[in-house]
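Visitor: below are the sequence and a predicted model; questions follow.
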Amino acid sequence: MKTSKKHIVLVTTWFPPRNSVAVNRMWAFAKYFDKTFFDVDVITLQVDSALMEEQLTNGVFVYRLPNRMLFRKATFNKSVPYVIHKLKAFYNVVLYTFFKNEYADWQKRAERKLMELLTLYDNDTTVISSYEPMAPHLAVLSLKQKGVAFHWVADCRDEMANNPSLISSLKKAYTKIEQAILLNADILSTVSKPILDNFLATAGNKYLIGAEIRNGFDFEFEEKLLHNEIFTVVSAGTFYGKRKPYVFFTALERFLLQNPTKKVRLKLIGAGNSVIVPSSLFHVVETLPKVSHEGAIAQMRQADCLLLILPKVVQKGVYSGKLFEYLGCKRPILATVDKTDVAADLIQECNAGFVADFDDVQEIEQCIEQAYTLWERKESLPMNDELIMWHHRKNQVKILNDLIINSFYTK
């Protein structure tokens, strides 16, 4: 029902009850937009037994639409055999070669539902679509190209056409779509400045407004002066591809060999059986199954040090959603990352930990020594609380909230 408030419609395939960093971002948008100024609706994907239509306790109304496609992207989990994993990967390549939009059916439904909502709110609506996948952007773009009037925020959690992992046929299609999006959107938001700069450099739209809206943490910010009896390092999250702890294992082996009296416990939460622990570290490393998000936060808060492993990649601007949750836990971070990228910069700006190059065993060993010494002395780092708190989800969403108001609704 139309009210005197302005209207936001969020179009995304990622929304609760699904679980992921993408879901957390979209949920934060819906949760933290100023409800005294905006009514917020969400058009999303129907999954499991979630209600098709639902009004949430914060006043957000959710429309969940099915995707009745015969061919869909194969999903992965750590328990499947290697051969099955490879077959699924091959299937996905074939799928994207011949069927570039696995959400085509949902996209059509989303476009119809969006048009229905737009007719209720006239020109007072701002539509926020979220990539990836491309379908939310395509649904909104279709209405824009038909001349329907609304304000459009195209949110991109990752690069589109410039994503180095895209197969060639998909890259060609994405390049064309990306240009159309950049020409028709009013605001382009993404998670880091390097990615934003790449988009704006090819936009060809002098009126397009760029916005860096980082991911963040979404729980109570508190500091606990905790020191376990054994120096306890925690890593929360899955390991896949090049994101593996083996270089860190080598550095830890060297540290313990040179310091045989020092006691260390390394807990890999969510690693399951995806990591092969060297026999020399059997007494140190504990691999644990995936736990709930709340359970992971609780264990992170009980750590003496939090381990962040981010391999070097071609593109710049990769923070990892886990970094922000580590910052929110106010525990020292031991990061093995690309020292020339944004994650390393942010840790250093927050004075939140120790940074080593992902491939440098000696640097990692030195960081282990520094973190251990901090714990041994029962000291804490003088972190930049103000900068850390700026990365709470509500503060990041406020940046977008205020930008939308100032750009579209302030005369």
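Guide: Happy to help now that I have it. Numbering: from 1, shown residues only.

Visitor: okay, now residue 204: neighbour count?
Guide: 10 (other C-beta atoms under 10 Å). C-betas here are computed from N, CA, C, even on glycine.

Visitor: OK, contacts around it?
Guide: Residue 204 makes contacts with 179, 182-183, as judged by C-beta atoms under 8 Å, 6 or more residues apart in numbering.

Visitor: highest neighbour count among those residues?
Guide: Among these, the one with the most neighbours (other C-beta under 10 Å) is residue 182, at 18 neighbours.

Visitor: columns secondary structure and distance to residue 282 on top of the contacts of residue 204, output as CSV?
Guide: Shown next, in CSV, are the contacts of residue 204 (DSSP: H, G, I helix; E, B strand; the rest coil; distance: C-beta to C-beta, whole Å):
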residue, secondary structure, distance to residue 282
179, helix, 54
182, helix, 52
183, helix, 57
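
Visitor: so what are the domain limits for the protein?
Guide: Domain assignment for the chain, taken from automatic domain parsing, gives 6-67+103-216+393-409, 231-389.

Visitor: quick check: which of those is nearest to residue 222?
Guide: domain 231-389 (7.1 Å; C-beta to C-beta).

Visitor: what's the end-to-end length of that closest one?
Guide: End-to-end span of domain 231-389 (C-alpha to C-alpha, to the nearest Å): 27 Å.

Visitor: what about the helices in the stretch 1-150 of the chain?
Guide: Remark: helices assigned in the stretch 1-150 of the chain by DSSP state H, counting those that start in this stretch are 21-32, 82-98, 104-121, 135-145.

Visitor: which elements pack onto the longest one?
Guide: For helix 104-121, the packing partners by 3 or more C-beta pairs under 8 Å, 6 or more residues apart in numbering; DSSP states H and E come out as strand 6-11, strand 38-45, strand 61-65, strand 125-131, helix 135-145.

Visitor: run the last query once more with 7 Å
Guide: Counting by 3 or more C-beta pairs under 7 Å, 6 or more residues apart in numbering; DSSP states H and E, the packing neighbours recorded for helix 104-121 are strand 6-11, strand 38-45, strand 61-65, helix 135-145.

Visitor: what's the answer for the shortest one, then?
Guide: Counting by 3+ C-beta pairs under 7 Å, 6+ apart, the packing neighbours recorded for helix 135-145 are strand 6-11, helix 104-121, strand 125-131, strand 151-156, helix 168-184.

Visitor: residues contacting that helix, please?
Guide: Applying C-beta atoms under 7 Å, 6 or more residues apart in numbering, the contact partners of helix 135-145 are 11-13, 101, 103, 106-107, 110-111, 114-115, 127, 129-131, 152, 154, 180-181, 184.

Visitor: just the buried ones out of those residues, please.
Guide: 11-13, 101, 103, 106-107, 110-111, 114, 127, 129-131, 152, 154, 181, 184 (16 or more other C-beta atoms under 10 Å).

Visitor: before we move on, back to that, closest to residue 213 out of the helices and strands packed on helix 135-145?
Guide: Comparing the helices and strands packed on helix 135-145 under C-beta to C-beta, the one sitting nearest is strand 151-156, at 7.3 Å.

Visitor: what angle separates that closest one from strand 6-11?
Guide: 30 degrees (axes from the mean of the first three to the mean of the last three C-alpha atoms, to 10 degrees).

Visitor: strand 151-156: partners in the sheet, and parallel or antiparallel?
Guide: According to DSSP bridges, strand 151-156 forms sheet pairs with strand 125-131 (parallel), strand 187-190 (parallel).

Visitor: good, wrapping up.
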